[in-house]
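>>> Sharing a sequence plus its predicted fold:
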Amino acid sequence: MAASNTTAAEARTVDPSMLEGSMRERVNQLRKEVCGLFEACSDSNAVHQMSLVDTLQHLSIDHLFQEQIDATLRSIHGCGGFSSLHEVALRFRLLRTHGLWVSPVYYEQDLSRARTMLTKVFALMTVVDDTFDDHATLDESRKLAEAIRRWDDSAVSMLPEYLRKFYLRLLRNFEVFEDELQPNERYRVAYTREAFQMTSESYLQESEWFHHNCKPSFKEHVKVSTVSIGPQTVATAMLMGMGDETTRDAFEWALRGDTVMIFGRIARFLNDIASFNSGKSKKDVATSVECYMNEYNVTREVAMR
């Protein structure tokens with residue numbers, strides 16, 4: 001017991017400056033060891049380098065090694081060949097948070113056709129959405145929806161001049177999709193076209209609501225706006241350019257399956273909550289949050305639970 005008391009007494013009389021100096025020396029030693037790990041990893045594969053940076057971030061000491069991390073991530077930025085989902089996701093997060101651009105698409109050569117088709121369909125859908133929301137009058141919106149419903153060159157005559165070129169390009173793009181597919185794959189385009197038409201109809205319904213200053217019931221709003229966010233169009237377009245493993249059943253699932261619609265509802269609610277919090281533009285239709293508040297006479301906090 002006496003020895004213990006002596007030790008405690010000695011500890012209380014340790015010079016703080018000596019203790020601080022000892023700790024600083026230990027910190028510098030550890031920093032040198034970590035810098036040595038960076039040097040050792042420079043000759044190893046990129047996965048080891050990413051793991052080191054990730055570990056330092058999780059320990060919240062990455063700010064002590066910014067120079068080494070910057071050099072490491074810039075070298076990783078030009079690397080490819082990542083095979084697992086973990087490696088791809090880790091690379092994406094590290095590079096994006098460090099301010100380095102990296103595509104969110106996991107590059108695989110055999111999926112090049114699928115990516116190209118999906119990108120084109122998404123771009124076309126965005127133009128149609130913007131037309132209904134920001135440019136077309138209600139009458140023009142009805143004509144555009146009818147033309148997309150008919151899906152024929154002859155329908156171009158009913159459109160205003162500024163929409164004719166786009167409409168013909170829309171039809172041509174889908175014809176190109178068919179040309180790029182094998183004969184036994186061309187049925188896929190019909191599914192994506194039907195999904196695109198469904199999305200167009202939902203855009204028109206939202207335009208009708210806006211121009212008539214109508215707030216639909218929450219149930220009716222969700223039914224329409226789940227389609228307008230485009231889950232069926234995106235799902236079928238994504239499958240359209242895939243390989244032989246894609247079946248007709250997969251397209252039926254993408255166009256009419258419950259899972260895709262559940263995804264659409266989740267996306268719609270997340271979008272509407274964000275829009276409601278940030279503020280709508282004057283030409284936006286009422287969100288699902290507003291429809292719920294209006295129908296059930298509740299506060300925004302209750303509606304967004």
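All right, it came through fine.
>>> from here on, contacts and neighbour counts on C-alpha atoms
Noted.
>>> State the number of residues packed around residue 206.
Residues near residue 206, counting by other CA atoms under 10 Å, number 24.
>>> Can you pull the phi and psi angles for it?
Per-residue torsions, residue 206: phi -70, psi -40 (degrees, to the nearest 10).
>>> Setting aside sequence neighbours, what's the nearest residue to it?
Leaving aside its sequence neighbours, residue 206 sits nearest to residue 285 (CA to CA, 6 or more residues apart in numbering; 6.4 Å).
>>> Tell me who's in contact with that neighbour.
By CA atoms under 8 Å, 6 or more residues apart in numbering, the contact set of residue 285 is 206, 207, 209, 210.
>>> okay, those in JSON lines with secondary structure and distance to residue 199 next?
Output for these, formatted as JSON lines (DSSP: H, G, I helix; E, B strand; the rest coil; distance: CA to CA, whole Å):
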{"residue": "206", "secondary structure": "helix", "distance to residue 199": "11"}
{"residue": "207", "secondary structure": "helix", "distance to residue 199": "12"}
{"residue": "209", "secondary structure": "helix", "distance to residue 199": "16"}
{"residue": "210", "secondary structure": "helix", "distance to residue 199": "17"}
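>>> Looking at the residues you listed, which is nearest residue 128?
Set against residue 128, the nearest of these by CA to CA is residue 207 (12.1 Å).
>>> There's contact between the closest one and residue 142 in this structure, I believe.
No - using CA atoms under 8 Å as the test, residue 207 is too far from residue 142 to be in contact (9.0 Å).
>>> Comparing those two, which shows the higher neighbour count?
residue 207 (24 against 20).
>>> Report pLDDT for that one.
Confidence at residue 207, expressed as pLDDT, is 96.
>>> quick one: it and residue 58, what's the gap?
Applying CA to CA, to the nearest Å, the value for residue 207 to residue 58 is 48 Å.
>>> try residue 201
Between residue 201 and residue 58 the computed distance is 48 Å (CA to CA).
>>> Those two - which one has more neighbours?
Taking other CA under 10 Å, residue 201 and residue 58 do not tie; residue 201 has more neighbours (22 against 9).
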